[in-house]
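Q: This is a predicted model, with the sequence first.
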Amino acid sequence: MSESSSSSTKAKGLLISISHIASKTSVPRIRGRNPSCNQVGGAAVAWLPYTLRWPCLVATFVFTCLLGIAVTVVHSISWRNSGLVTDDGSGIVQIGSKFAPTLLATIYVFLASILLDDVKRTEPFARLSSPFGAQADLSISWTADAWWDALFSSLPSRRKNTSWAMLCATLAFVLGFLIISPPSSSLIVSQTIVLTQETKLLQLNIKPSIPIHAKASSETFYRTIGSVLQNVTTSAHLYYKQ
């Protein structure tokens, strides 16, 4: 009976000692907030890449929307006015028509490529966080080298569901380097445009008291002689300026 009481006393003393040590060695709280960390469920997530955080995602989306709006506005103005500006060969026109569209398309492809790389880098961890779990070859040991590997891996199969993040990032990258970037240099081109205008027909009232005297020139005599000798149907008082 004495042995059991002494052992219970030692165990109680051991528990008190461990709780006392744990209270002394508890991790101190860090006051303030790290601006580079995102708060998810009350926990700081510092491992999330910058391109997958909301400010960068919103900026990329706004930049894409502005590109689409700019192309639509430029096309409508060019269609309505039969051109944007007169091509006088100045440097501003050349830079605006050749360099600016290529630069904007290159920026979009660059942002899309960075976004796709970070999505592929974090995709194994996203699959591991699934409540149903994931196999090793589809999660921790999975890698995607090219964009077509990422595209096929994002599609659903019997072993996994659709990876919407990687699918959208891959489609945005493909849209950039296959559709937007190649024709960007020829988005604004210079060409000759025939402008049509409606004019009123002018009528000259001829009075008998004021006859019209034709002013003959050397070309008038040339055309007249050519018409008589060569039997060419022409007018002696019409000529064309080159």
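A: Received, thanks.
Q: mind giving me the domain split of this structure?
A: Domain assignment for the chain by automatic domain parsing gives 2-45, 54-184, 214-242.
Q: so where's this protein uncertain?
A: The chain contains residues with pLDDT under 70 at 1-45, 232-242.
Q: Quick one: the strands in it, in order.
A: Listed in chain order, the strands of the chain (DSSP state E) span 38-40, 43-45.
Q: since we're on the residue lying closest to Leu155 once chain neighbours are set aside, how many residues are nearby?
A: Closest residue to Leu155 apart from its sequence neighbours, by Cβ to Cβ, 6 or more residues apart in numbering: Thr162 at 6.6 Å. Backbone N, C-alpha and C define where each C-beta goes, glycine included. Using other Cβ atoms under 10 Å, Thr162 is surrounded by 11 other residues.
Q: List the residues that contact Thr162.
A: Residues near Thr162 by Cβ atoms under 8 Å, 6 or more residues apart in numbering: Ser154, Leu155, Pro156.
Q: Out of the domains of the chain, which is the most enclosed?
A: domain 54-184 (a mean of 14; mean count of other Cβ atoms under 10 Å).
Q: Just the terminal-to-terminal distance for that domain.
A: Domain 54-184 has an end-to-end distance of 28 Å (criterion: Cα to Cα, to the nearest Å).
Q: among the domains of the chain, which is nearest Thr196?
A: Among those, domain 54-184 comes nearest to Thr196, with 9.4 Å by Cβ to Cβ.
Q: tell me how far the closest one is from the chain's mean position?
A: 6 Å (Cα atoms, centre = their mean, to the nearest Å).
Q: For Phe63, see how far away Pro156 is.
A: Counting by Cβ to Cβ, to the nearest Å, the gap from Pro156 to Phe63 is 30 Å.
Q: One more: Ile180?
A: On the measure of Cβ to Cβ, Ile180 and Phe63 end up 12 Å apart.
Q: Likewise for Val119?
A: Distance of Val119 to Phe63, given as Cβ to Cβ: 18 Å.
Q: same question, Phe221
A: Looking at Phe221 against Phe63, where the rule is Cβ to Cβ, the gap reads 70 Å.
Q: What of Leu115?
A: Per Cβ to Cβ, Leu115 is found 12 Å from Phe63.
Q: Quick check, Val174 in contact with Ala146.
A: No - counting by Cβ atoms under 8 Å, Val174 sits too far from Ala146 to count as a contact (11.4 Å).
Q: thinking again about what came up before, please identify every residue contacting each of Ile180 and Phe63.
A: Shared contacts of Ile180 and Phe63, defined by Cβ under 8 Å, 6+ apart, are found at Tyr108.
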